[in-house]
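Trainee: I need the structure of the sequence given here:
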Amino acid sequence: MKKFFAMILSCALFVTLAACGSTNSTSSEESTGPQTSEQSSQSSEDSSTAYSASESKPESEPGANALVIYFSRSGNTETIAGEIASQTGADTFKLEPATAYSTDYNTVLDEAQAEQRADARPEIVGSIENFDSYDVIYLGFPNWWGDMPMILYSFLDDYDLSGKAIAPFVSSGGSGFSGALSAIASAEPGATITDGLSLSSSASQNPGSAVTDWLADIGLAE
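Mentor: Residues are numbered from 1 along each chain as shown. Next up is the predicted model:
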């Protein structure tokens, strides 16, 4: 009889140990699975605590606070503007006059001279949303009769660039900026003006390397 009870106790002990072993194994496998929402929340809080303690900030997206503003009739300046936007991730805004210029080149020359003599301020189509959120303004234009097209003066009159960095670029037949940089500085005394990028009409067709070097020189490379 004692042997019989001993055998029963042994069997019961064996069943109990097997059940415990099965429970421990299941618990271990679950710990390697996906986190529950509560566990994810706790992990997020721990990460936030570490972030605050280090007093670091996540990097902003390249170009998130930069805007390329340009006027282009023939497309040369627009090509440069597109390259700058491509390399920096900046937004773009093209200055379009409410009254379009002639499609004839010689007529445009006459129109440009007439605007300069009248110190005209051509009306700009549309407006720039959230302009105050931009810290860097890439400002581009062709050289017209030794100056900026008058629509650039319209833009500088309409928007306050104080506290912003202005990075100017120009396309020309060889005259470069002429007196445009001084005009920009006079119109926006509260802004910081970087060295400008000047490209000839032919160089503006493939401006990639020139834009890369310029951005590095003025410290605005991505």
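Trainee: what residues are up against residue 92?
Mentor: For residue 92, the contacting residues are 67-70, 81-82, 85, by CB atoms under 8 Å, 6 or more residues apart in numbering. For every residue, glycine as well, the C-beta is placed using N, CA and C.
Trainee: after the helix or strand encompassing it comes which helix or strand?
Mentor: Counting by DSSP states H and E, the element that carries residue 92 is strand 91-94. Toward the C-terminus, strand 91-94 is succeeded by helix 105-118 as the next helix or strand (DSSP H and E).
Trainee: quick one: buried residues of that next one?
Mentor: The neighbour-count check on helix 105-118 (16 or more other CB atoms under 10 Å) flags 108, 111-112, 115-116 as buried.
Trainee: got it, and stretch 137-148?
Mentor: 137-144, 147-148.
Trainee: Report the two of those residues separated the most.
Mentor: 137 and 144 (20.2 Å; CB to CB).
Trainee: can you give me the end-to-end distance of stretch 160-178?
Mentor: End-to-end distance for stretch 160-178: 23 Å, by CA to CA, to the nearest Å.
Trainee: contacts for it?
Mentor: Stretch 160-178 is contacted by residues 70, 72, 76-77, 80-81, 84, 134-143, 146-147, 180-181, 184, 188-194, 196-201, 204, 214, 218, 220 when judged by CB under 8 Å, 6+ apart.
Trainee: Pull out the buried positions in it.
Mentor: Per 16+ other CB under 10 Å, stretch 160-178 contains these buried residues: 161, 164-172, 176-178.
Trainee: ok, back up a step: export the strand holding residue 92 as CSV, just CAs?
Mentor: What follows is strand 91-94, C-alpha atoms only, in CSV (Å, rounded to 0.1, in the frame of the first residue of the first chain):
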residue,chain,number,x,y,z
ASP,A,91,10.4,75.8,-51.6
THR,A,92,10.1,78.0,-54.7
PHE,A,93,8.1,81.0,-55.7
LYS,A,94,8.3,82.5,-59.2
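Trainee: Strand partners (parallel or antiparallel) of that strand?
Mentor: Sheet pairing for strand 91-94, assigned by DSSP bridges, gives strand 66-70 (parallel).
Trainee: now stretch 120-140, how far from the centre of its chain.
Mentor: Here the centre of stretch 120-140 is set off from its chain's centre by 15 Å, with CA atoms, centre = their mean, to the nearest Å.
Trainee: now do stretch 196-212
Mentor: Using CA atoms, centre = their mean, the offset of stretch 196-212 from its chain centre is 20 Å.
Trainee: and that stretch, which residues are buried?
Mentor: Neighbour-count burial for stretch 196-212 [16+ other CB under 10 Å]: 196-199, 204, 207, 210-211.
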